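1. Pasting the sequence and the predicted model now:
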Amino acid sequence: MPSSVRKALILLIVTMLMEIGRTLLDPSFMPVGLNVPLPVEVVSIIAFVSLLIAGIANGRRWVAILLVVVFVPGTLVTIWGTFDAVRLVLIIWDTLAAAVNIAVLALILGSPAREWLRKCKAARN
């Protein structure tokens, strides 16, 4: 496993912790517009990010595609919604979370990670 993939896995854990922290800082903020109990949201975040981590650790290429599909629109929606709120702490928090998400995408979509994912797929076939 390339070091870029290991770094991406660590950053995904950071992303998960930041999302949980964001949820706890402002429970009324629901990026997807759903009204679910706080424990359900926290467990959902942990489950989803754990799925991503497990997929990447096992060399699954579909996870890289899922990261793009989920994180790019999600990051844009989160930043857009935060600027409407005009709360400095949350703006800084969400900007940092967006930066971490961008770093994860860059590491997973980078050349060493792509090559490693290809090798993992070839080894499974």
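-> Arrived safely, thanks for sending.
2. quick one: low-confidence parts of the protein?
-> 27-35, 74-90 (pLDDT under 70).
3. just the helices in it please.
-> Shown for the chain, the helices assigned by DSSP state H span residues 3-25, 38-57, 61-85, 88-109, 111-124.
4. need the ones you listed in a markdown table with mean neighbour count, can you?
-> Quick note: C-beta positions are derived from backbone N, CA and C, even for glycine. Converted to a markdown table, these look like this (neighbours: other Cβ atoms under 10 Å):
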| stretch | mean neighbour count |
| --- | --- |
| helix 3-25 | 17 |
| helix 38-57 | 15 |
| helix 61-85 | 15 |
| helix 88-109 | 17 |
| helix 111-124 | 14 |
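5. thinking residue 45 is in contact with residue 21, fair?
-> No. If you go by Cβ atoms under 8 Å, residue 45 and residue 21 don't touch, sitting 10.3 Å apart.
6. got any residues that touch both of the two?
-> Contact with both residue 45 and residue 21 is made by no residue, according to Cβ atoms under 8 Å, 6 or more residues apart in numbering.
7. Phi, psi for residue 58 please.
-> phi -90, psi 10 (degrees, to the nearest 10).
8. check contacts around it.
-> Contacts of residue 58 (Cβ under 8 Å, 6+ apart): residue 120.
9. how far away is residue 66 from residue 3?
-> As judged by Cβ to Cβ, to the nearest Å, residue 66 and residue 3 stand 22 Å apart.
10. residue contacts, the residue nearest to residue 119 when sequence neighbours are not counted?
-> Using Cβ to Cβ, 6 or more residues apart in numbering and skipping residues adjacent in sequence, the residue nearest residue 119 is residue 59, 7.5 Å away. For residue 59, the contacting residues are 116-117, 119-121, 123-124, by Cβ under 8 Å, 6+ apart.
11. need those residues in TSV with distance to residue 7, can you?
-> As requested, the contacts of residue 59 are arranged in TSV below (distance: Cβ to Cβ, whole Å):
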residue	distance to residue 7
116	13
117	15
119	18
120	17
121	21
123	22
124	24
